[in-house]
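J.: sequence and predicted structure below; questions after.
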Amino acid sequence: MTFDLYAWKSPRDLDAAGVEALLDEWQAAGGDPATSPFEPSSDVGWFYLELTKDEPGLGASSDAPPSASKGPVWLGTTPEPPPARVVRIPMGAATPTGVLDSVFGLAAKYDLVLYDKRNRGVHLPLAELAEHASATFWPAGAIRAAVGGGIGLVIAVAAWFLGVPVLSGIATVIGGFLFVMALYTFAHEARKAKRGRRPG
């Protein structure tokens, strides 16, 4: 069975019925990606660029121009893609199983909206990943954060006392950053847990 995924940046507050109404009206008018009812964003352009580099045989289409560069995106040699409105991604039985994960991951990276036309599902991958991380934070995530923060503190203190010019300063900053981020993570998750326990 084949179906389409659509990715865009905005609007972000549509339910499945709202998305279907927009898609039906747009496709009745010809379905040109450049006239789609979504707002242009360079994030959509980057998403399309990375997706077509990672999955060249997928057949994704967009109003974003294809990249002429042969090098990988991470080398930074590709020029900034112009803003684009939407990316249509056909999926089917022959699509490799890892492609959906790749699409979801890239959509989270660029904070896009994904619409699964088969299941009429509207997804915000970045928000869904954040919710999953919070839901699984205690105890495994908490242990990892504590270990990371502890290692950072040890690095910062050891570097401070060693006093090697330049290197100690860099190591102190890195270790301190790890420690502060661990504290921030605990504070953030504790606030979320507290809000979740409030009645109403």
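T.: Right, received. Where do you want to start?
J.: what mean pLDDT does the one helix or strand Arg191 maps to have?
T.: Here Arg191 sits within helix 167-197, counting by DSSP states H and E. In this model, helix 167-197 carries a mean pLDDT of 82.
J.: one more: stretch 150-160?
T.: Mean predicted confidence for stretch 150-160 is 89.
J.: run the chain-centre distance for it.
T.: How far stretch 150-160 lies from its chain's middle: 31 Å, per CA atoms, centre = their mean, to the nearest Å.
J.: which residues in the protein form helices?
T.: Using DSSP state H, the helices found in the chain span residues 16-28, 42-54, 98-109, 125-135, 142-162, 167-197.
J.: relative orientation of the last one and helix 142-162 in degrees?
T.: Read it as helix 167-197. 150 degrees (axes from the mean of the first three to the mean of the last three CA atoms, to 10 degrees).
J.: next, the buried residues of helix 167-197.
T.: Using 16 or more other CB atoms under 10 Å as the test for burial, helix 167-197 gives Ser168, Ala171, Thr172, Gly175, Gly176, Leu178, Phe179, Ala182, Thr185, Phe186, Glu189. In short, each C-beta sits where N, CA and C put it, glycine included.
J.: what's the burial count for the residue nearest to Phe47 when sequence neighbours are not counted?
T.: Nearest residue to Phe47, sequence neighbours excluded (CB to CB, 6 or more residues apart in numbering): Tyr110, at 4.7 Å. Look at Tyr110: counted by other CB atoms under 10 Å, it has 19 neighbours.
J.: show me the protein divided up by domain.
T.: Here the chain is described, according to automatic domain parsing, as comprising the domains 3-124, 136-197.
J.: and those, which is most packed in?
T.: domain 3-124 (a mean of 16; mean count of other CB atoms under 10 Å).
J.: quick check: the gap between Glu131 and Ala108.
T.: 12 Å (CB to CB, to the nearest Å).
J.: Ala145 versus the closest residue to Gly45 other than its chain neighbours, what's the distance?
T.: Leaving aside its chain neighbours, Gly45 sits nearest to Pro81 (3.3 Å; criterion: CB to CB, 6+ apart). The spacing between Pro81 and Ala145, counted by CB to CB, is 36 Å.
J.: what does Ala60 give?
T.: From Ala60 to Ala145 the distance is 37 Å (CB to CB).
J.: how about the buried residues of helix 167-197 in CSV, adding distance to Ile151?
T.: Formatted as CSV, the buried residues of helix 167-197 follow (distance: CB to CB, whole Å):
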residue, distance to Ile151
Ser168, 17
Ala171, 12
Thr172, 14
Gly175, 8
Gly176, 12
Leu178, 7
Phe179, 9
Ala182, 9
Thr185, 14
Phe186, 15
Glu189, 19
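J.: closest to Leu153 out of those residues?
T.: Phe179 (4.5 Å; CB to CB).
J.: that closest one reaches Ala156, doesn't it?
T.: Yes - in this structure, Phe179 is within contact of Ala156 by CB atoms under 8 Å, at 6.4 Å.
J.: low-confidence bits of the chain, can you list those?
T.: Regions of the chain meeting the criterion pLDDT under 70 cover residues 1, 67-79, 132-138, 193, 196-200.
J.: perfect, I'm done here.
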